[in-house]
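In: My questions are about this predicted structure, shown below with the sequence.
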Amino acid sequence: MLKNRKLLSLLALLVLGVFLLSACAQPAAPAAEVQETDADRYAKAAALLAGGKTAEAREAFAALGTYEDAASQTAYIDALNAEAAGDYAAAQTAFAALGDFKDSARRAFDARVNGLAADYAAAKLLLMDGKYAEAADAFAALEGYEDASRYRMYARAMVLAKNGDYATAATAFTALDDFNDAALQAAYYSAMALEADADYASADTAYSAIPVFRDADLRLGALEDRKLDALFAATAEVYRAEPWSEELAEAFGNLLSLTYAADENKMKQQTLDLADEALTAGRLDSAEPLFALLAENDVAEAADRLKDCTLARGMALVDAGDYAGAVELLSALGEYAPAAEPLKLCYGKLAAEAEAAGDLARACELYALAGDTEKTAAYQKAYAEAVTLLGEGSYDEAREAFLALNNYQDSQRMAQEALYRKAQSLEAAGDYEGAVAQYAALGDYSDAAVQIAGVSYRQGVALMGEGKWDEASAAFAKAGDYADAAERVLEPYYQKGLKLLADGDEIGAFAAFSKADGFGDSEEQIKSIYYAQAERYMATEKWDAAIENYTKAGDYADAEEKIALCEARKNGTAAEETPVQEETAAEEAEAPAAETAAEETPAAAETAEDAAEEPAAEGAAEEAAPDAEATPVTTTASDNK
């Protein structure tokens with residue numbers, strides 16, 4: 001065929017040469033239109049194909065129809081396009097149909113090889129994407145190509161695993177021996193099969209052998225939770241089938257002490273759900289004890305569920321017409337909202353019965369509880385009258401009126417409020433004891449307990465103002481830790497001492513300051529009294545009594561120096577007195593002398609009983625009596641001079 005084309009080409013050239021010679025030999029004539037032949041079009045199509053312009057070449061060859069091998073060229077280009085597009089099956093078919101045209105036979109083989117490789121890669125992608133069934137079919141179509149058959153077995157094993165047939169999957173993976181990660185997959189699904197069979201000990205061992213493969217570590221950690229699932233499921237099965245028992249109580253008690261690793265609230269929640277199931281089914285004898293157990297284990301919702309059980313029992317009584325029994329149950333729920341309307345219904349029914357029986361007081365009470373405003377008009381009027389009495393200060397009458405209203409609205413609280421206001425009124429009138437009694441009767445109402453202490457405190461302040469020192473101290477003591485009451489318990493004795501001292505009653509002041517027990521400068525005041533008495537004794541040359549009192553005056557003023565001076569004068573070793581000393585001695589000599597013990601003042605007698613630290617008189621066997629100016633320390637008429 002190639003030789004024919006060459007001959008045709010030579011003939012064409014010869015014809016063209018003859019034509020040109022004829023044209024040269026003859027006179028010029030108008031140019032004739034040149035007709036393009038199939039050969040020309042074929043040549044152009046071939047040139048386009050050689051230049052890589054396959055689309056234009058195909059169009060040109062297709063236009064030539066059956067000219068020469070134009071049809072084969074067109075089919076060849078189609079096969080090339082299919083191969084370039086990755087459609088190796090179409091390319092293989094097309095090249096194979098061309099037989100030995102050009103390199104079609106080789107290209108048909110290459111297309112088949114490339115097609116298998118592409119299908120193999122696509123099958124692997126399906127496997128990687130978890131499309132195991134599709135991957136298995138894809139590898140089956142590649143049977144005989146490389147390791148497609150083993151991949152098919154691998155993919156089918158994954159299908160088995162995906163469908164939960166772990167044991168069969170493990171067997172299939174084991175048959176693949178060391179292919180890919182088949183050995184690890186076999187171990188993994190063997191462990192899952194053991195886990196599914198609740199053989200958790202064996203599963204634990206199996207997962208431990210492959211700790212880093214897939215999620216083996218997580219499953220290993222979750223095995224304890226699976227054990228809890230199995231234990232709960234078994235207990236729940238018994239709970240659904242049998243009545244409540246001590247054995248079930250113990251079983252659920254143990255379960256509620258256990259905690260899931262993945263969710264610490266799961267055990268409590270699923271137990272609560274199980275109890276809810278029993279409640280919904282009307283199995284109250286099983287639901288109630290389980291809710292109670294949950295409440296003991298700090299499940300907040302359980303308390304309301306227990307109330308729901310009581311509500312269900314109450315509603316059963318309502319349906320049976322036992323309204324009194326229903327009220328007894330439902331009222332025990334307190335302010336539980338779902339019980340409110342059933343309770344009102346019951347109260348209304350009971351009120352109608354009482355009204356029909358002529359017991360109008362009971363009927364009104366029940367109508368009030370039923371929320372029947374029309375029936376409770378009388379109660380509203382009585383309440384308004386009680387409020388008016390309270391506003392007018394008729395506290396006893398108001399209280400009685402509120403108490404007569406029983407639990408209508410806040411009558412009980414208002415009865416206490418009347419008592420509270422009466423206590424305030426009594427205190428304002430100066431009746432502190434009466435106010436305390438009223439506050440005490442109020443118990444824990446409002447701040448009554450605090451007011452008791454407050455009244456005692458304010459009473460103490462008032463008694464201080466009246467000069468009732470002992471009563472004031474007792475009142476502050478009753479006030480306990482109210483405000484600064486504890487600190488002021490001793491203050492009345494201190495103030496009493498100051499008052500007596502100002503009035504010249506040193507012995508009484510001494511006793512009061514002693515009771516003050518260190519309050520304020522009471523200790524200094526006591527020293528000053530000792531010092532003053534010592535000064536008088538020194539002035540009358542009663543040295544021993546002076547020394548004793550100066551000694552008890554301690555570090556007050558110049559007491560220590562005066563002791564030395566008295567000692568010196570007593571022993572006759574005192575230095576000659578200066579004019580100033582003589583003048584001082586003269587002033588001291590003018591101090592009133594002590595009287596005899598028989599003339600002891602009442603203040604001294606009172607002090608002798610009250611003051612634990614009152615100094616003993618010198619020469620106790622002899623008579624001694626301080627004068628009106630005397631301090632607690634006295635001396636005898638025979639005191640050394």
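Out: Structure received.
In: For the rest of this, base every contact and every neighbour count on C-alpha atoms.
Out: OK.
In: Report the secondary structure state of E264.
Out: coil (DSSP: H, G, I helix; E, B strand; the rest coil).
In: Phi first, then psi, for it.
Out: Main-chain dihedrals, E264, degrees, to the nearest 10: phi -70, psi -20.
In: cool, L405 as well?
Out: Dihedral angles of L405 (phi, psi; degrees, to the nearest 10) stand at phi -80, psi 0.
In: can you count the residues close to the residue nearest to it when sequence neighbours are not counted?
Out: Once flanking residues are discounted, L405 sits nearest to S411: 6.2 Å by Cα to Cα, 6 or more residues apart in numbering. Using other Cα atoms under 10 Å, the number of residues around S411 comes to 20.
In: before we move on, what about L329?
Out: Number of residues near L329 (other Cα under 10 Å) recorded here: 20.
In: any idea how far E56 lies from Y189?
Out: 59 Å (Cα to Cα, to the nearest Å).
In: Which of those two has more residues huddled nearby?
Out: Counted by other Cα under 10 Å, E56 and Y189 do not tie: Y189 has more neighbours, with 25 against 14.
In: Tell me which helix or strand in the chain has the weakest average pLDDT.
Out: helix 602-610 (a mean of 38; mean pLDDT, DSSP states H and E).
In: For the residue nearest the centre of the chain, give me its contacts.
Out: Centroid-nearest residue in the chain: A300, 12.5 Å away (criterion: Cα atoms, centre = their mean). A300 sits next to no residue when contact means Cα atoms under 8 Å, 6 or more residues apart in numbering.
In: cool, S104 as well?
Out: By Cα under 8 Å, 6+ apart, S104 lies in contact with Y76, F95, A96, L98.
In: try 10 Å
Out: S104 is in contact with Y76, A79, L80, A91, Q92, A94, F95, A96, A97, L98, D110, counting by Cα atoms under 10 Å, 6 or more residues apart in numbering.
In: isn't the second one right next to Y88, touching?
Out: Yes - taking Cα atoms under 10 Å as the definition, A79 is a contact partner of Y88 at 9.0 Å.
In: Next one: T74 relative to A351, how far apart?
Out: Note on T74: its distance to A351, by Cα to Cα, is 106 Å.
In: Those two - which one has more neighbours?
Out: Neighbour count, other Cα under 10 Å: between T74 and A351, A351 has more, with 25 against 22.
In: okay, now A47: neighbour count?
Out: Neighbour count for A47, taken as other Cα under 10 Å: 13.
In: for A479, same thing?
Out: Residues contacting A479 under the criterion other Cα under 10 Å number 25.
In: Quick check: it touching V461?
Out: No - with contact defined as Cα under 10 Å, A479 does not reach V461; the gap is 11.2 Å.
In: quick one: common contacting residues for these two?
Out: V455, S473, A485.
In: mind checking how far the spatially closest residue to the last one that is not a sequence neighbour is from A462?
Out: It refers to A485. Nearest non-adjacent residue to A485, counting by Cα to Cα, 6+ apart: F476, 5.2 Å away. Noted for F476: a distance of 11 Å to A462, by Cα to Cα.
In: Of the two, give the one with the bigger neighbour count.
Out: F476 (29 against 16).
In: what about the more buried one, is that helix, strand or coil?
Out: Classified using three-state DSSP, F476 is helix.
In: so it touches I452, yeah?
Out: No - using Cα under 10 Å, F476 makes no contact with I452, being 11.6 Å away.
In: shared neighbours of those two, anything?
Out: Joint contacts of F476 and I452 (Cα under 10 Å, 6+ apart) are Y482.
In: quick one: D38 from G51, how far?
Out: Distance of D38 to G51, computed by Cα to Cα: 20 Å.
In: who's more crowded, these two?
Out: In this view D38 and G51 are compared by other Cα under 10 Å, and D38 has more residues nearby, 14 against 10.
In: pretty sure the more buried one contacts E68?
Out: Yes - counting by Cα under 10 Å, D38 touches E68, with 9.2 Å between them.
In: Low-confidence ranges, the stretch 451-600 of the chain, go.
Out: 486, 574-600 (pLDDT under 70).
In: tell me the contacts of D322?
Out: Counting by Cα under 10 Å, 6+ apart, D322 has contacts G314, M315, A316, C346, L350.
In: what's the closest residue to the first one other than its chain neighbours in contact with, if anything?
Out: The shortest distance from G314 to any residue other than its chain neighbours is 4.6 Å, reached at A326 (Cα to Cα, 6+ apart). Applying Cα under 10 Å, 6+ apart, we find A326 in contact with 310-320, 332, 342-343, 346-347.
In: For those, point out the one with the lowest pLDDT.
Out: When the contacts of A326 are compared by pLDDT, Y347 scores lowest at 84.
In: quick one: buried residues of stretch 344-357?
Out: Buried positions in stretch 344-357, judged by neighbour count with 16 or more other Cα atoms under 10 Å: K344, L345, C346, Y347, G348, K349, L350, A351, A352, A354, E355.
In: How about stretch 302-319?
Out: Using 16+ other Cα under 10 Å as the test for burial, stretch 302-319 gives 302, 305-315, 317-318.
In: which secondary structure element contains A118?
Out: helix 104-128 (DSSP states H and E).
In: what's downstream of that helix, the next helix or strand?
Out: helix 132-141.
In: Run the chain-centre distance for that next one.
Out: The chain centroid and the centroid of helix 132-141 are separated by 54 Å under Cα atoms, centre = their mean, to the nearest Å.
In: Report the angle between the helix or strand that comes right after it and helix 132-141.
Out: Beyond helix 132-141 on the C-terminal side, the first helix or strand identified by DSSP H and E is helix 148-162. Angle between the axes of helix 148-162 and helix 132-141 is 160 degrees (criterion: axes from the mean of the first three to the mean of the last three Cα atoms, to 10 degrees).
In: got a list of contacts for the helix or strand following helix 148-162?
Out: On the C-terminal side of helix 148-162, the closest following helix or strand by DSSP H and E is helix 166-175. Contacts of helix 166-175 with the rest of the structure, by Cα under 10 Å, 6+ apart, involve 150, 153-163, 179-196.
In: And stretch 188-202, by the same measure?
Out: With contacts defined as Cα under 10 Å, 6+ apart, stretch 188-202 is touched by 158, 161, 164-171, 173-174, 182, 184-187, 203-211, 213-216, 219-220, 223-224, 226-227, 230.
In: buried subset of the residues you listed?
Out: Among these, those scoring as buried are 158, 161, 165-171, 173-174, 182, 184-187, 203-204, 206-208, 210, 216, 219-220, 223-224, 226-227 (criterion: 16+ other Cα under 10 Å).
In: Setting the sequence-adjacent residues aside, check what's closest to Q73.
Out: F61 is the one closest to Q73 (Cα to Cα, 6+ apart), at 6.5 Å.
In: and if you look at K422?
Out: K422 sits nearest to Y395 (Cα to Cα, 6+ apart), 5.8 Å away.
In: wait, what's in contact with the one you found?
Out: Taking Cα under 10 Å, 6+ apart, one finds 386-387, 389, 401, 415-423, 425 in contact with Y395.
In: Cool, thanks, talk later.
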